[in-house]
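1. Fold the following, please.
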Amino acid sequence: MPGDPGTSRTTPEQLRASLDAVLGEATATLAEEAGQLARAHQILHDALQ
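-> A predicted model of the protein is given here:
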């Protein structure tokens, strides 16, 4: 049900796939790695909302 706080909009499988995609990207610099980790953090944060 939309707007129901008891239901998740993202399934565990979708979350894993999204995180795997982001964290599976090769990074060449610390700045790129920091950006990658920030994107992964945002994905997790959004899933927990």
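
2. use CA for all of it now, contacts and neighbours both
-> Fine.

3. could you give me the average pLDDT of the helix or strand hosting Arg16?
-> Element membership for Arg16, per DSSP states H and E: helix 12-23. Averaging pLDDT along helix 12-23 yields 98.

4. and the angle from the helix or strand following it to helix 12-23?
-> Using DSSP H and E, the helix or strand that follows helix 12-23 in sequence is helix 30-48. Inter-element angle recorded for helix 30-48 and helix 12-23: 170 degrees (by axes from the mean of the first three to the mean of the last three CA atoms, to 10 degrees).

5. Relative to the whole chain's centre, how far out is helix 30-48?
-> Here helix 30-48 is found 7 Å from its chain centre; the criterion is CA atoms, centre = their mean, to the nearest Å.

6. List of residues touching that helix?
-> Outside helix 30-48, the residues that touch it by CA atoms under 8 Å, 6 or more residues apart in numbering are Ser8, Arg9, Thr10, Leu15, Ser18, Leu19, Val22, Leu23, Glu25, Thr27.

7. which residues touch the fourth one?
-> For Leu15, the contacting residues are Ile43, Leu44, Ala47, taking CA under 8 Å, 6+ apart as the criterion.

8. before we move on, what about the last one?
-> With contacts defined as CA under 8 Å, 6+ apart, the neighbours of Thr27 are Glu33.

9. how much space is there between it and Ala47?
-> According to CA to CA, to the nearest Å, Thr27 and Ala47 sit 24 Å apart.

10. do Gly35 as well
-> With CA to CA as the criterion, Gly35 and Ala47 are 18 Å apart.

11. next one: Ala34
-> 20 Å.

12. who wins for most neighbours among the contacts of helix 30-48?
-> Greatest neighbour count in the contacts of helix 30-48, by other CA atoms under 10 Å, goes to Leu19: 19 neighbours.
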